[in-house]
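K.L.:
task: produce atomic coordinates for the following.
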Amino acid sequence: MGDERTICDIFFHGIGIRKTERILYKPKTGGGPYRAMSTDEFADRVLRTATVLAARGVGEGDRVVILSYNRPEWAIADFATLLLGAVSVPIYSTLPPDQVEFILNDCGAKLVFAENAGQLRKFSGRPAIVFDPADGAPALDDLLKDAKPASVDELRARAKAIDPQATATLIYTSGTTGQPKGVMLTHANLVSNLLATCRVIRFEETDVALSFLPLSHSFERIVDYGFFYMGATIAYAESTDTVPQNIAEVRPTQMAAVPRVYEKFHAKILDGVKQKSPLGQSVFRWAVSVGKLAAMFRQRGEGVPLGLRFRRWIAHTLVFRKVHARLGGRMRVMVSGSAPLSGEIIEFFWGIGLPILEGYGLTETSPVISCNSENAARPGTVGRVIPGVEVKIAADGEILCKGPNVMKGYYNRPEETASVIQDGWFATGDIGEFTKEGFLRITDRKKDLLKTSGGKYIAPQPIEGRLKLQPGVANAVVIGDGRKFPSVLLVPVPGATRDQLEAAVTEVNKTLAHHEALKKFQVVEKDFTIEGGELTPTMKVKRRVVAKKYAELIETMYAE
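P.N.:
Predicted structure coming up:
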């Protein structure tokens, strides 16, 4: 492991590990149980797709767009594109037509892989291939029937000629502010990050990973590359809505997700505990306390004392085994990224025997900068910096990163590239610090810091995280930039009362400095969504959109 220079090398390494069932998926027509695809079948479809693309004039440096949710064809199109030296451009399947058209025009797309008729309708005037049959473009399966697979030897030779510093993919940022920018990541960026991540997160050939965070997101993509590289099985979720059902069917051993997914898991588990008798609730609390104590030894790479190990076994037998069963019964470890996850939630999952490894990075860093591991983890931090990458904290607290994972730049935006990369150091826009043990802790987004009219700075994300742990609170957005005092918009869980929400704010205020204390709150009945425009495709809140959409409601808190 470690001699690979391009993603093409990653592909050829991956198909040479084992030939058994490697891809699990649900057919998009007819439904039914999961089907399996062997390594040989997957490789054959990649090679045939490369032939199809070459016949359509796709070559070195051409941009090929993938507009689809996760499925085997996504990975097939991606690898086939890269084997030709072309550039893969993923687009979130949830984006509206105007944003899709913007990206197609900005990158100068040569061809588009569209998932279905719905995605095909989002653009026009571009050659396209659809995964599901639809009027207006040929279907990939039909094209593959007549396509002879490209010669493996020929493609290997072609792949070896690809410069590792050549752009492999253009990933457009989620766009919490302004128009999205195309992040140019080279083969060397991706491969260095993949190999370093594999040294921190344990990927095994026997693993079954559920892929449901959009592959358009650099985090899920690098994780999936890791599983493929190590010979593990990748199971594709039907949709984000069917994840609970798909978990029961696939019984994964690993998965990656954004914090909101774990927050919902946590809330659902606690809701179930509330339905138990007082004795049952006491047993659950005892079990979690035992589990957390045992987890502390594991997080430090130390053996658990025999007596504690016995109590941990009892806790698992009485309590945790039932929780594990709801996640398929085989889950070994879960990974969290994209945004901060509450340390309390991480400790909870470690305590019940479902470790969450929180990591940190950005699209511009391929994406991983740091990550906790199974035997070196500290809840509330994002782990130690991965091998080969350097991090330093600027005078104003901003995290700066240097290494082979730092992007080539923003596509056709040299001035914006120069504004974030100076002397090789990439300015992340995040505020952080190192613990005495060398674990990185994120305190907030530099651009998200709120400054009251009194000149006091407030970091909203930690406050929002604490609020979401309170009974009755589903979501929260802190307001206060340029205002006399901070306030908050709260999304209640179904059935929650205003008194409960008021109690939640009061409880959180006890943990805050005087200038951070939330003076008022208002209720937003409907949770923030991607479709509503308040969230990015990676579930980050678009604060400007929320402030504009709920301007009248916000003004009521500052009317006096």
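K.L.:
where does residue 437 sit: helix, strand or coil?
P.N.:
coil (DSSP: H, G, I helix; E, B strand; the rest coil).
K.L.:
shouldn't it be in contact with residue 378?
P.N.:
Yes. Assessed by C-beta atoms under 8 Å, residue 437 is found in contact with residue 378 at 6.9 Å. C-beta: built from backbone N, CA, C; applies to glycine.
K.L.:
now do the strands in the stretch 401-550 of the chain.
P.N.:
Here the stretch 401-550 of the chain has its strands, by DSSP state E, counting those that start in this stretch, at 409-410, 421-422, 425-434, 440-445, 450-451, 457-458, 473-479, 487-492, 520-523.
K.L.:
okay, those strands in a markdown table with distance to residue 292, mean neighbour count and mean pLDDT next?
P.N.:
Formatted as a markdown table, these follow (distance: least, C-beta to C-beta, whole Å; neighbours: other C-beta atoms under 10 Å; pLDDT from 0 to 100):
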| stretch | distance to residue 292 | mean neighbour count | mean pLDDT |
| --- | --- | --- | --- |
| strand 409-410 | 43 | 21 | 96 |
| strand 421-422 | 41 | 15 | 96 |
| strand 425-434 | 24 | 19 | 94 |
| strand 440-445 | 19 | 20 | 86 |
| strand 450-451 | 33 | 16 | 78 |
| strand 457-458 | 30 | 18 | 78 |
| strand 473-479 | 23 | 23 | 93 |
| strand 487-492 | 29 | 21 | 94 |
| strand 520-523 | 31 | 16 | 93 |
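K.L.:
so which of those comes closest to residue 385?
P.N.:
Ranking the strands of the stretch 401-550 of the chain by proximity to residue 385 (C-beta to C-beta) places strand 440-445 first, at 6.6 Å.
K.L.:
partners of that closest one in the sheet?
P.N.:
The pairing partners recorded for strand 440-445 under DSSP bridges are strand 425-434 (antiparallel).
K.L.:
and the strand it pairs with, how far out from the chain middle?
P.N.:
19 Å (C-alpha atoms, centre = their mean, to the nearest Å).
K.L.:
what's next to it, contact-wise?
P.N.:
Outside of strand 425-434, the residues within contact range by C-beta atoms under 8 Å, 6 or more residues apart in numbering are 360, 362, 364-365, 369, 392-394, 396-402, 406-407, 420-421, 440-447, 449, 459.
K.L.:
now with 7 Å?
P.N.:
362, 364-365, 393, 397-402, 406, 420, 440-447 (C-beta atoms under 7 Å, 6 or more residues apart in numbering).
K.L.:
same question, stretch 314-329
P.N.:
247-248, 250-252, 269, 283-284, 287, 290-291, 331, 352-354.
K.L.:
can you do 10 Å?
P.N.:
Stretch 314-329 is contacted by residues 208, 210, 244, 246-253, 255, 265, 268-269, 272-273, 280, 283-291, 294, 312-313, 330-331, 334, 349, 351-354 when judged by C-beta atoms under 10 Å, 6 or more residues apart in numbering.
K.L.:
residue contacts, residue 180?
P.N.:
91-92, 95, 99, 102-103, 106, 171-174, 363, 536 are the contacts of residue 180 under C-beta under 10 Å, 6+ apart.
K.L.:
tell me the buried residues within those.
P.N.:
91-92, 95, 99, 103, 106, 171-174, 363, 536 (16 or more other C-beta atoms under 10 Å).
K.L.:
from these, pick the one nearest residue 528.
P.N.:
residue 536 (10.5 Å).
K.L.:
hmm, that closest one is touching residue 338, no?
P.N.:
Yes. Assessed by C-beta atoms under 10 Å, residue 536 is found in contact with residue 338 at 9.2 Å.
K.L.:
picking that back up, for the buried ones among the contacts of residue 180, give me TSV that also has distance to residue 235.
P.N.:
Compiled in TSV, these are given as follows (distance: C-beta to C-beta, whole Å):
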residue	distance to residue 235
91	23
92	21
95	25
99	29
103	28
106	33
171	23
172	27
173	28
174	25
363	25
536	25
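K.L.:
among those residues, which are in strands?
P.N.:
91, 171-172 (DSSP state E).
K.L.:
low pLDDT regions in the protein?
P.N.:
The chain contains residues with pLDDT under 70 at 1-2, 29-31, 174-178, 560.
K.L.:
how is it divided into domains?
P.N.:
Listed by automatic domain parsing, the domain ranges of the chain are 7-162, 450-556.
K.L.:
can you show me the strands along the stretch 51-200 of the chain?
P.N.:
Under DSSP E, counting those that start in this stretch, the stretch 51-200 of the chain gives strands at 63-67, 87-91, 111-114, 128-130, 167-172, 182-186.
K.L.:
now the last one, how far from the chain's geometric center?
P.N.:
In this case it means strand 182-186. 17 Å.
K.L.:
that strand pairs with which strands?
P.N.:
As assigned by DSSP bridges, strand 182-186 forms pairs with strand 167-172 (antiparallel), strand 409-410 (antiparallel).
K.L.:
with the third one instead?
P.N.:
Each strand paired with strand 111-114, and its direction, by DSSP bridges: strand 63-67 (parallel), strand 128-130 (parallel).
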